[in-house]
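Trainee: got a sequence here, can you model it:
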Amino acid sequence: MGKFGVMVLAMKPQRAARCGGSRTSRSTCVAPLAAATLNRPSSSAAPATQSADHAKAVISDEQKYVLQTYARAPVVIAHGKGAKMWDVEGKEYIDMAAGIAVNALGHSDSQWFAALVEQAQKLAHTSNLYHTQPQVELAKRLVENSFADKVFFCNTGTEANEGAIKFARKWARVRAGIDPYSAEESAPYELVSFTSCFHGRTMGALALTYKEQYKTPFYPMMPGHRLAEYNNLDSARAVIEKGKTAAVFVEPVQGEGGITPSTLAFLKGLRELCDEAGALLVFDEVQCGLGRTGKLWGHELYGVHPDIMTLAKPLAGGLPIGAVLLKQHVADVMKPGDHGSTFAGNPLVCHVACSVFDTINKPTFLTAVEQKGHRLREGLKRTMGANPHVKEVRGVGLLVGVQLDMMAGPVVDAARDMGVMAITAGKGDVIRLVPPLVVTDAEIDKACEVLGAAIAKVAPK
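Mentor: Numbers count the residues shown, from 1 in each chain. I've put the predicted structure just below:
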């Protein structure tokens, strides 16, 4: 396996497949692909159907060998194509989760696969000690199609927010006129975030995240965090203070918090409050960015621009990548050695990300996302709206939530049994739908029918 879990495509015969450095049987570790398979992926390449006992064995081994930090569904996924997936027993699912809003182009996209193979045959990783063209090409695309002047690459959404925290704090120290490398001098350092937000699980981003159950096992948190109520400008005004606040972090559309869009007045007001306080405005678009809302960037819905924006999930269509986009006045304070990453911006991931970006960044593609989102919301209202447990269908583009007055887990489980993958959000009372942006109208209609049947089964009228 390669650095990021990507299969290295061997061009010469191998004596035996190896997995994790030890010899294994072909049944447990896939042998390197022959050169003849370096064509676009197709359904003919699907693995053979396995028995229910095989699925149980995989789940048992996962529980035995993998740290149990995930409450996984009892399904073993084998392969996918577009917005559909199949488990090892051959059951088909419509994927309305897309790896938690990651697989923007669905599964086994032919252009994505071609870009992956093309770069894997040349160069996968060098570290950031050297220049590579794919990193520059991706940075150029991001800058020339956004508010930003510079990009910093990382590997995940939480890393992007960690980078934004560091950039904001150093910017505040430089702006205060002190030596940023002096431990004796102080400057504004507080960071503001909002109720129901989610910014990541590493210690800096976790301090900004709302849910206490994510944080309390790892106390104490990073100091200097202030919390305000989402979409409440008066609440924000009470905690954004000149001389104290370094940056304000906000999701233009909250994802894990429950699929809740910001109001225009709220984002415009935050921009004004940050300007008055001499603080940076940071938009976390890890989930709502890059086409998910029907706009290239979620904040384009509002016409409000940040100083920093964080990206991750869909950027490389399933490979790990994160990015921090920033204005020049923020970039100017960062110097070599201030921040870094070994894996970030490697040529393999960046080349694939360029392909993903080029596909999404087309007016016709983005318009189709808007239209599909409208179809999904209207379909859910039609099939679920009459159920008294459904309180609201909301969202923008293909970032859609169904608010219930009950826990959504049983409905999600029932839908999965009926062939539709969905996930939860909010306090566990929201059905979150973030399908591949290439989902078809027929798949949307089918998913709506299944979700309607699922809630009727779990919570009849």
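Trainee: pop the domain breakdown of the protein in here.
Mentor: 112-361, 364-458 (the TED database).
Trainee: nearest to Thr49, of these?
Mentor: Closest to Thr49 of the domains of the chain is domain 364-458 (Cβ to Cβ; 15.9 Å). Quick note: C-beta positions are derived from backbone N, CA and C, even for glycine.
Trainee: any weak-confidence spans in this protein?
Mentor: Residue ranges of the chain with pLDDT under 70: 1-46.
Trainee: name the single longest helix found in this protein.
Mentor: Secondary structure assigned by DSSP state H gives helix 363-384 as the longest helix of the chain.
Trainee: any buried residues in that one, and which?
Mentor: For helix 363-384, burial by neighbour count (16 or more other Cβ atoms under 10 Å) applies to 365-366, 368-370, 372-373, 375-377, 379-380, 383-384.
Trainee: ditto for stretch 89-104
Mentor: Buried residues in stretch 89-104, counted by 16+ other Cβ under 10 Å: Lys91, Tyr93, Ile94, Asp95, Met96, Ala97, Ala98, Gly99, Ala101, Val102, Asn103, Ala104.
Trainee: swap in stretch 185-193?
Mentor: Of the residues in stretch 185-193, those buried by neighbour count under the rule 16+ other Cβ under 10 Å are Ala187, Pro188, Tyr189, Glu190, Leu191, Val192, Ser193.
Trainee: so who does the residue nearest to Gln287 when sequence neighbours are not counted touch?
Mentor: Closest residue to Gln287 apart from its sequence neighbours, by Cβ to Cβ, 6 or more residues apart in numbering: Gly255 at 3.6 Å. Residues in contact with Gly255, defined by Cβ atoms under 8 Å, 6 or more residues apart in numbering, are Ala101, Phe198, Val286, Gln287, Cys288, Leu399, Ala425, Arg432, Val434.
Trainee: what packs against the host helix or strand of Pro134?
Mentor: Here Pro134 sits within helix 133-144, counting by DSSP states H and E. Packing partners of helix 133-144 (3 or more Cβ pairs under 8 Å, 6 or more residues apart in numbering; DSSP states H and E): strand 150-154, strand 322-326, helix 347-360.
Trainee: so which of these is nearest Glu229?
Mentor: strand 322-326 (26.2 Å).
Trainee: with only the CA atoms kept, save that closest one in PDB.
Mentor: Provided in PDB are the C-alpha atoms of strand 322-326 (Å, rounded to 0.1, in the frame of the first residue of the first chain):
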ATOM      1  CA  GLY A 322      -7.000  19.800   3.600                       C
ATOM      2  CA  ALA A 323      -6.300  23.400   2.700                       C
ATOM      3  CA  VAL A 324      -6.200  26.800   4.400                       C
ATOM      4  CA  LEU A 325      -6.900  29.700   2.000                       C
ATOM      5  CA  LEU A 326      -5.800  33.100   3.300                       C
END
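Trainee: what's downstream of it, the next helix or strand?
Mentor: Remark: after strand 322-326, the chain's next helix or strand is helix 328-331, criterion DSSP H and E.
Trainee: identify all contacting residues around that next one.
Mentor: Identification of contacts with helix 328-331 by Cβ under 8 Å, 6+ apart yields Asp149, Lys150, Phe167, Ala168, Trp171, Leu280, Asp307, Ile308.
Trainee: mind checking how far the closest residue in space to Pro436 that isn't next to it in sequence is from Thr359?
Mentor: Excluding the flanking residues, the one nearest Pro436 by Cβ to Cβ, 6+ apart is Gly106, at 3.7 Å. Counting by Cβ to Cβ, to the nearest Å, the gap from Gly106 to Thr359 is 11 Å.
Trainee: tell me which residues of stretch 239-254 are tucked away?
Mentor: Neighbour count says stretch 239-254 has 239-240, 244-254 buried, by 16+ other Cβ under 10 Å.
Trainee: check stretch 293-304 too.
Mentor: Going by 16+ other Cβ under 10 Å, stretch 293-304 has these buried residues: Thr293, Gly294, Lys295, Leu296, Trp297, Gly298, His299, Glu300, Leu301, Tyr302, Val304.
Trainee: and the second one, what element?
Mentor: Which is Gly294. Using DSSP H and E, Gly294 maps to neither a helix nor a strand.
Trainee: residues contacting it?
Mentor: Leu366, Thr367, Val369, Glu370, Gly373, Val396, Gly397, Leu398.
Trainee: same check, this time on the third one
Mentor: With contact set as Cβ under 8 Å, 6+ apart, Lys295 has these partners: Leu301, Leu366, Gly397.
Trainee: same thing with the last one?
Mentor: Listed by Cβ under 8 Å, 6+ apart, the contact partners of Val304 are Leu264, Leu267, Lys268, Leu270, Arg271.
Trainee: may I have the phi/psi pair for Pro314?
Mentor: The phi and psi values for Pro314, taken as degrees, to the nearest 10, are phi -80, psi -10.
Trainee: that one contacts Leu290, doesn't it?
Mentor: Yes. If you go by Cβ atoms under 8 Å, Pro314 and Leu290 touch, sitting 4.8 Å apart.
Trainee: pull up the overlap in contacts between those two.
Mentor: Ala104, Ile360.
Trainee: contacting residues around Asn387?
Mentor: Residues near Asn387 by Cβ under 8 Å, 6+ apart: Gly452, Ile455, Ala456, Ala459, Lys461.
Trainee: go on, Phe266?
Mentor: Contacts of Phe266 were listed using Cβ under 8 Å, 6+ apart, and they are Tyr230, Asn231, Asn232, Leu233, Ala236.
Trainee: mind checking which of these land in helices?
Mentor: The members of these that map onto helices under DSSP H are Leu233, Ala236.
Trainee: so which residues make contact with the helix or strand Ile444 falls within?
Mentor: Taking DSSP H and E as the criterion, Ile444 maps to helix 441-458. Residues outside helix 441-458 that contact it (Cβ under 8 Å, 6+ apart) are 83-84, 94, 96, 372, 375-376, 379-380, 382-384, 387, 389-390, 402, 404, 410-412, 414-415, 418-420, 422, 431, 433, 435.
Trainee: go again using 6 Å as the cut-off
Mentor: The contact list for helix 441-458 (Cβ atoms under 6 Å, 6 or more residues apart in numbering) reads 83, 94, 96, 375-376, 379-380, 383-384, 387, 410-411, 414-415, 418, 420.
Trainee: show me which residues of that helix are buried.
Mentor: Residues of helix 441-458 classed as buried by neighbour count (16+ other Cβ under 10 Å): 443-444, 446-448, 450-456, 458.
Trainee: between those residues, which is nearest Val117?
Mentor: Each of the buried residues of helix 441-458 was scored against Val117 by Cβ to Cβ, and Glu443 proved nearest at 27.0 Å.
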